[in-house]
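*Asks:* only the shape, not the letters, is given here:
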């Protein structure tokens, strides 16, 4: 009993609080902000550079995107109230976890950064050579854990990709529903939907369904949560990432239903009615409206098809389909579903509030 009491007192002194709120809400919310401040803002900058032929922006965007693992890990450590030496050491841990995690990089970063941060906090300021011991223990523990577990986390994330590829063999209607829903869910989860789409070469009609699902999540959450988050939330989710809502989803999973229902509608509309295809880079299929990469990918595919003689021209129907599937329907349908859920009491005031 005395030993247990001492352990509790030591953990309290080190500010190690094992709770769903600290790990599932505080840390996850911070990680989403770290992802936004690196990969997503870098993608937006890079997209602007590509469209306006400004190589300097491509270079800047590239640097921002490359540090996503470190940015997420540091953000998590900050949320867990890590001392400075632990906080700074998480850069190396985040890089290792993200690199070794592949398609599951963000998920690997989350779990490994939490463990490495708490280990670092345990040894922080416990020796006279803290400046050596704390970063040494934090980095070695975190990187070793990355080597041992991150590849398996990546493999688990890739299983989502296997399910998506199975769905591409179905008829366009059912494929549209399944691919749209699964890729949309992957986009909001702390895994990389873009990496999954790239790894499995998700293009054509399946790529169009993936774009639809991602837009349903991003635009849907942005519009549905407008009353709580106003214009800042609209932009950060609409052209950033719906993963910002992940901590809120853990608190009330029902808030996830409206965009998922929307993706189940827009997916088959994309495949069966508009014939929306992603004939650009496969990675664009999993980006949605982030920096408008998904839409630019569809457009670049149209241009490539015209140059290859596979398409005669970009028609009004093409543009109508793109605008409806990517922007109008996700906004209107998710807002309507959300309004219905609010009236039923499934979504309450501030359930969608972002801490940004």
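*Replies:* Cool, the structure landed. Remember, it's a predicted structure, so these values are computed and weren't measured experimentally.
*Asks:* ok, residue 59 - contacts?
*Replies:* Going by Cβ atoms under 8 Å, 6 or more residues apart in numbering, residue 59 touches residue 49. In this view, the C-beta of every residue, glycine as well, is placed from N, C-alpha and C.
*Asks:* the lengthiest helix in the chain packs against which elements?
*Replies:* When the chain is parsed with DSSP state H, its longest helix is helix 130-167. Applying 3 or more Cβ pairs under 8 Å, 6 or more residues apart in numbering; DSSP states H and E, one finds that helix 130-167 contacts helix 84-101, helix 105-123, helix 172-188, helix 193-199, helix 204-224.
*Asks:* can I get the ones you listed in TSV with mean pLDDT?
*Replies:* TSV is the format used below for these (pLDDT from 0 to 100):
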stretch	mean pLDDT
helix 84-101	96
helix 105-123	92
helix 172-188	92
helix 193-199	74
helix 204-224	95
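*Asks:* what about the ones you listed, which gets the closest to residue 7?
*Replies:* Residue 7 sits nearest to helix 105-123 of all these, at 10.8 Å, using Cβ to Cβ.
*Asks:* thinking again about what came up before, can you pull the buried residues of the longest helix of the chain?
*Replies:* Going by neighbour count (16 or more other Cβ atoms under 10 Å), the buried part of helix 130-167 is 133-135, 137-139, 141-143, 145-146, 149-150, 153-154, 157-158, 160-161, 164-165, 167.
*Asks:* average pLDDT across it?
*Replies:* The average pLDDT within helix 130-167 is 89.
*Asks:* ok, the nearest residue to residue 331 once chain neighbours are set aside - how many residues close by?
*Replies:* The shortest distance from residue 331 to any residue other than its chain neighbours is 4.4 Å, reached at residue 223 (Cβ to Cβ, 6 or more residues apart in numbering). Residues within reach of residue 223, counting by other Cβ atoms under 10 Å, total 23.
*Asks:* how close does the closest residue to residue 74 other than its chain neighbours sit to residue 67?
*Replies:* With Cβ to Cβ, 6+ apart as the criterion, residue 74 has its nearest non-adjacent residue at 5.1 Å, and that residue is residue 90. From residue 90 across to residue 67, the span is 12 Å (Cβ to Cβ, to the nearest Å).
*Asks:* please tell me how far residue 247 sits from residue 351.
*Replies:* Distance of residue 247 to residue 351, given as Cβ to Cβ: 11 Å.
*Asks:* any idea of the angle the longest helix of the chain forms with helix 204-224?
*Replies:* 120 degrees (axes from the mean of the first three to the mean of the last three Cα atoms, to 10 degrees).
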